[in-house]
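**Q** got a structure for you, letters missing:
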């Protein structure tokens, strides 16, 4: 097996948002199902884009298409505990951006799970790649400056 | 068609909990999908049971089985807006309890959707109906007393 | 409590479609979660509309808005067992249609759960109610004729 | 950006299972949401484990814990189209197994999306890692022999 990643500290992440768990997040082993973490990823990335970077879903001029996601799992979580997602901004391409995302307990120092989420930004009409929108790069720079 | 229900005011409900929407709650028409409201119902009823009425999922001595749910929809909601769920306590049987649940915008006066959720409480071992647990009837009485 | 419905036979339903269960359908009690049945309802109604009644989601001229759903639960199901959904056509209004839906084991004689699903059909542009589309009433009549 | 993976052919996979899409799989951009692919992953791996490798969820002596998943996306899919999942068996550790999973259109030659899914097998009681169960290694060898 390739080298296993280790949990990451809060200081690796730049922007945080709370995550509310749901009854149906727990699977038959009593823990938040692995699939659900990706729904947290989707939710926090889009919360950042909508609240900070000017994304207007469906009717706006640009959108993000997901091209690659990954998550490594270190410790279980369970509804009803509150969680928190941290976002970091890794490689920037001309049209693409790689987010790193950590999922924490509300008061936890290290990731329960973390991974990446790669978006390619496209024109909402023709779905062709566009340069990273200025409102997005400004939001990343503001978050990184903290 | 049978008489259509009308939106209900906040004053019809006794216990409230916030609901965080998720990106994947929206369906291809851009609104929270009808199915997802039932996941809010499940989440708020279990939050009440766990936080107020002594339910310990999976390892505790009693559990609720869902026997009937219904929801009427009046106005759409969309991620990322925050919602709120209100709970009321309607018919009590020997083993069963009918909750009424309203879904509101975070600052909304009337239900966007509301319905009911009927639980039968059973012994977690043999799954036979039991009288309503005392911790549950006490929690309902406390919530109803406000 | 009001009178409890009883399981219904296959002969009450006119059009059937298979339902594949998923790992994540099971909740922490090891059974398909009550919420997931509504996702089966949504899937079978839209399968009927798309395959038989000319619905073209998102880009077509009409769409259905869900205004009321209900489900009563009689016996549990679990992934990985295959299920089947039956559809019946109940009250027709000018713009609305009440479907009744039963969920069966693949070879089961009686519903594990059943309920209703009320759609109002609207113009996709202005979302105002329209008369039931001719392609839909024809599909219902064909299914009812068997 | 690191080198982008390319779609993979059917011949890369050893065991296939059909995937039924659901209305709620489509997100507000009209395509199966990225999160949902992981629910397909979970479903196909567990179908293999239950049908071929002797897994008995919840009450059996062993279980798989998910420690790492990844998916790369190449082309969109949409409900109601039928899909198919292919499974391949990559690195085997003492207690862990890395599955590779491809998602295809029902008649498609190349993956719409593919990725990996790493399970660590544990004793269901104490959740400590165990050697790969014999029924599992036998099932893999049988599938690989085709």
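**A** Received the coordinates, thanks. If you're wondering where the values come from, they're calculated on a predicted model, not measured in any experiment. Residues are numbered from 1 along each chain as shown, chains lettered A, B, ... in the order given.
**Q** how far away is the residue most central in space within chain A from chain D?
**A** The centroid of chain A falls nearest to residue A:41 when counting by CA atoms, centre = their mean (3.7 Å). With distances taken as CB to the nearest CB, to the nearest Å, residue A:41 is found 8 Å from chain D. Placement of C-beta: from N, CA and C, glycine included.
**Q** Which helix or strand contains that residue?
**A** helix A:34-52 (DSSP states H and E).
**Q** now residue A:71
**A** Per DSSP H and E: strand A:62-73 holds residue A:71.
**Q** so how far is that strand off the chain centroid?
**A** Taking CA atoms, centre = their mean, to the nearest Å, one finds strand A:62-73 lying 8 Å from the centre of the chain it belongs to.
**Q** Touching, residue A:15 and residue A:87? I think so.
**A** Yes - contact criterion CB atoms under 8 Å: residue A:15 and residue A:87 qualify, at 4.4 Å.
**Q** shared neighbours of the two, which are they?
**A** A:48, A:143 (CB atoms under 8 Å, 6 or more residues apart in numbering or on different chains).
**Q** Without its sequence neighbours, what residue ends up closest to residue A:84?
**A** What sits nearest to residue A:84 in space, not counting adjacent residues and going by CB to CB, 6 or more residues apart in numbering or on different chains, is residue A:104, at 4.7 Å.
**Q** that older thread, what about the strand holding residue A:71 and chain B, touching?
**A** No - shown here: strand A:62-73 not in contact with chain B (CB under 8 Å from any CB of the partner chain), separated by at least 10.7 Å.
**Q** now swap in stretch A:40-48 and tell me
**A** Yes - interface with chain B: stretch A:40-48 contributes A:40, A:42-43, A:46-47 (CB under 8 Å from any CB).
**Q** Residue of chain A nearest chain B, please.
**A** residue A:20 (3.9 Å; CB to the nearest CB).
**Q** Roughly how far does that residue sit from chain D?
**A** Distance of residue A:20 to chain D, computed by CB to the nearest CB: 16 Å.
**Q** close enough to count as contact, that residue and residue B:25?
**A** No - counting by CB under 8 Å, residue A:20 does not reach residue B:25; the two are 11.8 Å apart.
**Q** For those two, indicate the residue with more neighbours.
**A** Each of residue A:20 and residue B:25 has its neighbours counted (other CB atoms under 10 Å in any protein chain shown); residue B:25 has more, 26 against 21.
**Q** who's in contact with that one?
**A** By CB under 8 Å, 6+ apart, the contact set of residue B:25 is B:32-33, B:36, B:79.
**Q** Mind doing that once more with 10 Å?
**A** Residues in contact with residue B:25 (CB atoms under 10 Å, 6 or more residues apart in numbering or on different chains) are A:39, A:43, B:19, B:31-33, B:35-37, B:39-40, B:77-80, B:83, D:24, D:27-28.
**Q** Please apply the same query to residue A:112.
**A** Contacts of residue A:112 (CB under 10 Å, 6+ apart): A:7, A:32, A:37, A:73-77, A:83-84, A:102-105.
**Q** List buried members of those by neighbour count.
**A** Among these, the ones that count as buried by 16 or more other CB atoms under 10 Å in any protein chain shown are A:7, A:32, A:37, A:73-74, A:77, A:83-84, A:102-104.
**Q** Now, those that are in helices?
**A** The helices, defined by DSSP state H, take in residue A:37 from those.
**Q** all strands of chain A, in order?
**A** In chain A, the segments counted as strands under DSSP state E are A:15-19, A:62-73, A:83-92, A:96-105, A:113-123.
**Q** Provide the strand pairings for the fourth one, with the direction of each partner.
**A** For strand A:96-105, the pairing partners within the sheet under DSSP bridges are strand A:83-92 (antiparallel), strand A:113-123 (antiparallel).
**Q** show me where pLDDT drops low in chain A?
**A** Along chain A, segments meeting pLDDT under 70 span A:1-3.
**Q** what does it put close to chain C?
**A** A:22-31, A:33-36, A:78-79 (CB under 10 Å from any CB of the partner chain).
**Q** Tell me the one of those residues nearest residue C:69?
**A** Residue C:69 lies nearest to residue A:24 out of the residues of chain A next to chain C, by CB to CB, at 16.7 Å.
**Q** any idea how far the closest one lies from residue C:25?
**A** Residue A:24 sits 10 Å away from residue C:25, taking CB to CB, to the nearest Å as the criterion.
**Q** Mind listing the shared neighbours of these two?
**A** C:33, C:35-36.
**Q** hey, what's residue A:120 bridged with?
**A** residue A:65, residue A:96.
**Q** burial count for it?
**A** Using other CB under 10 Å, residue A:120 has 21 other residues around it.
**Q** ditto for the one 4 residues further on
**A** A count of neighbours around residue A:124, defined by other CB under 10 Å, yields 16.
**Q** mind listing what the residue lying closest to it once chain neighbours are set aside touches?
**A** Nearest non-adjacent residue to residue A:124, counting by CB to CB, 6+ apart: residue A:63, 4.9 Å away. Applying CB under 10 Å, 6+ apart to residue A:63 gives the contacts A:49, A:55-57, A:119-125, A:127, A:130, D:28-29.
**Q** isn't residue A:43 right up against residue A:51?
**A** No - using CB atoms under 10 Å, residue A:43 is not in contact with residue A:51; the gap is 11.7 Å.
**Q** And those two? Which one has more around it.
**A** residue A:43 (23 against 13).
**Q** burial count for residue A:47?
**A** Around residue A:47 there are 23 residues (other CB under 10 Å).
**Q** again with residue A:6
**A** Neighbours around residue A:6, by other CB under 10 Å: 10.
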